[in-house]
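Asks: for reference, the sequence and a predicted model appear below.
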Amino acid sequence: MRHSWRWVVAGGLSVLGLVGCGSPPGAPTQASDPPAATGPSAGSPSGSSAGSSSPAPTPSPTPSADPTKLKPGANHNNAASAYVYSAKDVNRWLVEGEKAAGYPRNKIAFLTFDDGPTNSSTPRVLDILKKEKVPATFFYIAGPKALGKADKSLVRRTIAEGHAIDIHSYSHDYSELYPGGRGNAKQVVADNEKALAAIRKVLGPDYAVHGYRYPGGHQSWKGLDEADAAMAKKDRYWIEWNALDGDGDAEAPASSEAAAELVSSTLAESGNPGVAVVLLHDYKDNDLTIGALPTIIEDLRSDGYEFGVID
Ligand SMILES: [Zn+2]
């Protein structure tokens, strides 16, 4: 089946992702609107968002819950507290599957976008998410390959529209993070701190984050135990995926229809269908995924998934 192949090549995803990381200046983005993404009403978010206290079940109507602002100490706004799940939990749900303690009873989908923000793709992705009222998690390359040259209003818009921002490194440089194919814990930590600082430059000191994704994926590298542990000490947890649309594969699907189908089939074959962490990219000009996104959302919805974000 093509999927065993998919899994094998998944690590190569960021070769393409890297190519996609270049983003020339595109059209400036529009100003933020009120949050469109509304969380699942019946979901039971772990409550272990940035803090550990239980989240408000519904967006607070108080004036302090300004949707354009971060919830202090979080990677999302106040409204998103209703559907945020802790990175630590999502990490375990992926690693341990249904045996993991606290495994959700409802089906939850996390749309995750790597390699952005980019001026060409991110606004289009945000437009679709807004129309569909679906929240997502954006894993930023916080250095010059993406955030450094992106319109910073995209970052604020992402928060204002109810999404979450996690880290996908500062450098996205394999040789720096994994010299000889082996994780360098010091580099991984230093790079993540640098990314955090870069995002705080845009969002302010209130930004805090617990989820990160290794460039190329955790599965692609050896010797990451030390880096995983060092990051866990900082209360940050790597997030892999169990479904993808192939937009990072060396041989990407030929059409958006095929890309959307791949999400369903990889998820079904993952053996862990209760939690869908879908790997997608908002690298430059990613027409494949932008074309597939409405169908991906529709398929997940009709399969009974509610959408969450990762803290
Ligand atoms: Zn990447």
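Replies: Sure thing, it's come through.
Asks: does stretch 154-172 reach the ion?
Replies: No. Stretch 154-172 stays clear of the ion (C-beta under 5 Å from the ion), getting no nearer than 5.6 Å. C-beta here means a position set from N, CA and C on the backbone, and glycine is covered the same way.
Asks: compute the first-to-last residue distance for that stretch.
Replies: 20 Å (C-alpha to C-alpha, to the nearest Å).
Asks: what's the weakest-modelled helix or strand in this structure?
Replies: Within the chain, no helix or strand scores below helix 13-21, which has a mean of 35 by mean pLDDT, DSSP states H and E.
Asks: in the lengthiest helix in the chain, what counts as buried?
Replies: When the chain is scanned for its longest helix (criterion: DSSP state H), the result is helix 185-203. Using 16 or more other C-beta atoms under 10 Å as the test for burial, helix 185-203 gives 185, 187-189, 191-192, 194-196, 198-199, 202-203.
Asks: how far is the strand ranked longest in the chain from where the chain is centred?
Replies: The strand that spans the most residues within the chain, counting by DSSP state E, is strand 108-116. In terms of C-alpha atoms, centre = their mean, to the nearest Å, the centre of strand 108-116 is set 3 Å apart from its chain centre.
Asks: go on, stretch 286-306?
Replies: 15 Å.
Asks: buried residues, it. List them.
Replies: Result for stretch 286-306 [16+ other C-beta under 10 Å]: buried residues 286, 288-293, 295-297, 299-300, 305-306.
Asks: ok, now stretch 249-262?
Replies: Across stretch 249-262, burial judged by 16+ other C-beta under 10 Å covers Asp249, Ala252, Pro253, Ser256, Ala259, Ala260, Glu261, Leu262.
Asks: all helices for the stretch 1-150 of the chain, in order.
Replies: Assigned by DSSP state H, counting those that start in this stretch, the stretch 1-150 of the chain shows helices spanning 2-9, 13-21, 87-96, 122-132.
Asks: got the contact list for stretch 289-302?
Replies: Residues outside stretch 289-302 that contact it (C-beta atoms under 8 Å, 6 or more residues apart in numbering) are 109, 111, 121, 124-125, 128-129, 132, 134, 245, 247, 255-257, 259-260, 263-264, 276, 278, 280-282, 307.
Asks: 6 Å instead, please
Replies: Residues from elsewhere that reach stretch 289-302 (C-beta atoms under 6 Å, 6 or more residues apart in numbering): 109, 124, 128, 132, 134, 245, 247, 256, 259-260, 263-264, 280.
Asks: ditto for stretch 86-105
Replies: Under C-beta under 6 Å, 6+ apart, the answer for stretch 86-105 is Ser46, Ser48, His210, Gly211, Tyr237, Ile239, Glu240, Asn272, Val275, Ile310, Asp311.
Asks: please repeat the previous calculation with a cut-off of 8 Å.
Replies: The contact list for stretch 86-105 (C-beta under 8 Å, 6+ apart) reads 43-44, 46, 48-49, 110, 166, 210-212, 235-242, 271-272, 274-275, 277, 310-311.
Asks: same check, this time on stretch 176-189
Replies: Identification of contacts with stretch 176-189 by C-beta under 8 Å, 6+ apart yields 169, 171, 191, 214-216, 221-227, 229-231, 234.
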